[in-house]
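Colleague: Here's my sequence, what's the structure:
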Amino acid sequence: MATEGIRMPKEHVGKVGRMKEDSRTSREAVESIIVTQLNCLLSIRSASMSGLHVDTTPFLPAAGKKGGSLHETAAACFVEEERPPTPEHIRRFRKSYMKQPGKRTQHWGLENDPPPRPSEFTYGTPGMKSRGVDGLMGSHAEPTSMQAYQQMRAETIYETSKKEQLGKTLNRHYEWPKQIVQDEEFRFGVKGSKEKVTAIEVILPSDAPSLNVTEEQKEMYKLSHYAYEPGEQKSRKYNWQKAGIDPVTHVFGAVAEIDYKDGVAKAINPDLEYESKVQPTEFMPKSVADFKKVRQDELGKVKNLGLGRHPVPPDYTYGISYKRADDWGAKECIQGNYTEEEQLPDPDLGRSLRRGCAPDEVLVSERTFGVPNVRNDIKPPKFQSVADSKNYGNEPGAKALLYPQPYATRGVYEEDFLKKYPKGELCDIAISAGFCDTMDEFDRVRRSELTLIYSHSLKSFTALLSGVHLKWCQRR
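Modeller: Purely as a prediction, here's the structure:
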């Protein structure tokens, strides 16, 4: 039986260890070891009686590593621990927190902001509804005599309240003459005429002394300020009579031999220089003409930069041809130059010319490989298994499935009507089906004139019976 050993006390184990290390053989140590062994033997004997594990060396420390916590069990290994939650100060930066289902997505910088104010939010402190505008301003609009006196005493300390009284003009404390004070219609200034005078005449009269400028003053302003009149030619005070020149008609410069006019137009359009207004035909090398066409600008046309499609035929090829008469080019390399015999299909096209290990009869083209769907080539078993999915030819075809026979639901098929039966079995079927009442009637039908079509099958018997009945009806 499995027993559990009783370990030696730690103090005795320590003593034995120290004795081994120091190799002391004192009498006290030997006595203590003997006493300890006796106690262990007694404990082993008592433990064997109780069915516990026996430790034969209780004074030695146990080998191996002591187990950990009591929770380190197999069941605890299958329990999935929950992941530690993300700290609050880091959660708003994670995508898993921002894209939670049913939660509004916003920038992480707005996460700790206060919620937005509702649309009906109103700034300020709400007041009492009983106090209106009249209640707030009524005391100021109509003060009592005591309030008016207090207000007056409070405003007397300000200089503006003395000079600029409410509802009165500014009092400058002028001492006006008695004539002005007594006459209410007194007005300052000189009374003008009743004629209408424009504002420009008042500001700048036409007869103002400043406008009466003499010729000497004008010349002086021209010299000092270059104050020439609008459109006036500058005069340098030349003595043209001394030189014999009339400044009105005289033209400086050499006289041209040809009266050249419309110079700007001719510079733009050189064809205007000719009498026919068209440049005459000029013979020049084609290279020079092409050069002028490219380098010179034409009036009303875009400059030819040599771009676009050149006036060359479609089959034109640039460059110098290095092809000889018998050399192949890229076209011949791609298309080839084969004879009709070389263009015929290869003799091994579609078949292998290498003889293999297969017999010749296998390579016959008339042979059909594979297994047929309907296994008519093998004999069907007497009792077909449910797991056997082969069709031995005894199953109905597509026509029978689309157009089932009348008695197929009862297990009677067309083969049963064409099957040959013995006389007794056929008579039993005819009497059971109601075709005949007795055996004599069955024999009478068989011995009729229509016996030639009788073939001992149920279908032939029904046809024979129908013919007999038809003949009987005709006789009646």
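
Colleague: How about the contacts made by residue 378?
Modeller: By CB atoms under 8 Å, 6 or more residues apart in numbering, the residues touching residue 378 are residue 392. For every residue, glycine as well, the C-beta is placed using N, CA and C.

Colleague: same question, residue 429
Modeller: Contact partners of residue 429, counting by CB under 8 Å, 6+ apart, are 421, 458.

Colleague: so it is in which element?
Modeller: In this structure, residue 429 sits in helix 423-433 according to DSSP states H and E.

Colleague: Which positions within that helix qualify as buried?
Modeller: Within helix 423-433, the residues that count as buried by 16 or more other CB atoms under 10 Å are 426, 427, 430.

Colleague: relative to helix 423-433, how tilted is the helix or strand just after that helix?
Modeller: Next in sequence after helix 423-433, counting helices and strands by DSSP H and E, comes helix 439-446. Between helix 439-446 and helix 423-433, the angle comes out at 110 degrees (axes from the mean of the first three to the mean of the last three CA atoms, to 10 degrees).

Colleague: okay, now residue 186: neighbour count?
Modeller: Residues within reach of residue 186, counting by other CB atoms under 10 Å, total 11.

Colleague: Helix or strand: which one has it?
Modeller: Assessed by DSSP H and E, residue 186 sits outside every helix and strand.

Colleague: low-confidence ranges in the stretch 51-200 of the chain?
Modeller: 51-54, 65-71, 127-141, 192, 194 (pLDDT under 70).

Colleague: ok, which stretches of it are helices?
Modeller: Using DSSP state H, counting those that start in this stretch, the helices of the stretch 51-200 of the chain run over 74-77, 88-91, 95-98, 133-141, 145-155, 159-163, 178-182, 199-203.

Colleague: what comes up buried for the fifth one?
Modeller: In terms of neighbour count (16+ other CB under 10 Å), helix 145-155 has no buried residues at all.

Colleague: Now do it: distance to the chain's middle.
Modeller: 78 Å (CA atoms, centre = their mean, to the nearest Å).

Colleague: CA atoms only for it, dumped as PDB, please.
Modeller: Taking Å, rounded to 0.1, in the frame of the first residue of the first chain, the C-alpha atoms of helix 145-155 are listed here in PDB:
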ATOM      1  CA  SER A 145     -37.700 114.900  -5.400                       C
ATOM      2  CA  MET A 146     -35.300 113.400  -2.900                       C
ATOM      3  CA  GLN A 147     -33.600 111.300  -5.600                       C
ATOM      4  CA  ALA A 148     -33.400 114.300  -7.900                       C
ATOM      5  CA  TYR A 149     -31.700 116.400  -5.300                       C
ATOM      6  CA  GLN A 150     -29.300 113.600  -4.500                       C
ATOM      7  CA  GLN A 151     -28.500 113.200  -8.200                       C
ATOM      8  CA  MET A 152     -27.900 116.900  -8.500                       C
ATOM      9  CA  ARG A 153     -25.600 117.000  -5.500                       C
ATOM     10  CA  ALA A 154     -23.600 114.100  -6.900                       C
ATOM     11  CA  GLU A 155     -23.200 115.700 -10.300                       C
END
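
Colleague: name the helices or strands packed onto it?
Modeller: Judged by 3 or more CB pairs under 8 Å, 6 or more residues apart in numbering; DSSP states H and E, helix 145-155 is in contact with no other helix or strand.

Colleague: Please repeat the previous calculation with a cut-off of 10 Å.
Modeller: Helix 145-155 sits against helix 133-141, helix 159-163, with contacts defined as 3 or more CB pairs under 10 Å, 6 or more residues apart in numbering; DSSP states H and E.

Colleague: Looking at the helices of the stretch 51-200 of the chain, spot the one closest to residue 287.
Modeller: helix 95-98 (73.0 Å; CB to CB).
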